[in-house]
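[1] I'll drop the sequence and a predicted model, then ask my questions.
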Amino acid sequence: MTLLLSYNGTKSQLTAYFAKRLLGHFAGSEKGFIVVYGTSTLSNKEGLFDPNLSTHTHEEADTQILLHVLDATALSTSIRYIYVWFPDTDVFLLLIDLVATYTVQGLM
């Protein structure tokens, strides 16, 4: 199993699979849901992010996640809470700086 998960191709395929399954799960939800994986950004609702941001060349999604948080709060005044899930501490540290630097209320 360790060998399987250490291969970058497998990680990319698993990430894409889970992202698409999560989008399917939230398809009928009233809550907006955005996933960032590979070079793609997808959501379950129109208008949650700038369409110009739907593809990117970031090697990792870390900074892309922050960009979408800022973009979502700029596009909509009706957003009350933003939940960000991430598997590493890099994004957590970047989010601390984001909240300290910008007015992003309700980030969880």
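    Cool, the structure landed.
[2] alpha carbons only for contacts and neighbour counts from here, please
    OK.
[3] contacts for stretch 62-71?
    Stretch 62-71 is contacted from outside by Val36, Phe49, Asp50, His58, Ile82, Asp90, Val91, Leu94, Leu95, Leu98, Val104, using CA atoms under 8 Å, 6 or more residues apart in numbering.
[4] Stretch 19-33 now?
    Surrounding stretch 19-33, the residues in contact under the criterion CA under 8 Å, 6+ apart are Ile34, Val35, Val36, Tyr37, Leu42, Ser43, Asn44, Lys45, Leu48.
[5] try 7 Å this time
    Val35, Ser43, Asn44, Lys45, Leu48 (CA atoms under 7 Å, 6 or more residues apart in numbering).
[6] Equivalent analysis for stretch 51-59, please.
    Here stretch 51-59 makes contact (CA under 7 Å, 6+ apart) with Thr39, Ser40, Thr41, Leu42.
[7] where are the low-confidence patches of the protein?
    Scanning the chain for pLDDT under 70 picks out 1-8, 76-77, 103-108.
[8] what do you get if the cut-off is 80, keeping everything else the same?
    1-11, 38, 58-62, 72-81, 86-88, 99, 102-108 (pLDDT under 80).
[9] mind listing the strands for it?
    Counting by DSSP state E, one finds strands in the chain at the ranges 34-37, 40-43.
[10] deepest of the ones you listed, which one?
    Mean neighbour count (mean count of other CA atoms under 10 Å) peaks for strand 34-37 among these, with a mean of 21.
[11] Touching that one from outside, list them.
    Contacts of strand 34-37 (CA under 7 Å, 6+ apart): Thr15, Ala16, Ala19, Thr41, Leu42, Ser43, Asn44, Ala61.
[12] Can you list the strands that that strand pairs with?
    Take DSSP bridges as the rule and strand 34-37 pairs in its sheet with strand 40-43 (antiparallel).
[13] burial measure for Arg80, as a count.
    11 (other CA atoms under 10 Å).
[14] From Gln13, how far out is it?
    Using CA to CA, to the nearest Å, Arg80 is found at 33 Å from Gln13.
[15] again, but for Leu70
    On the measure of CA to CA, Leu70 and Gln13 end up 28 Å apart.
[16] Neighbour-wise, give me the winner out of the contacts of stretch 62-71.
    Phe49 (23 neighbours).
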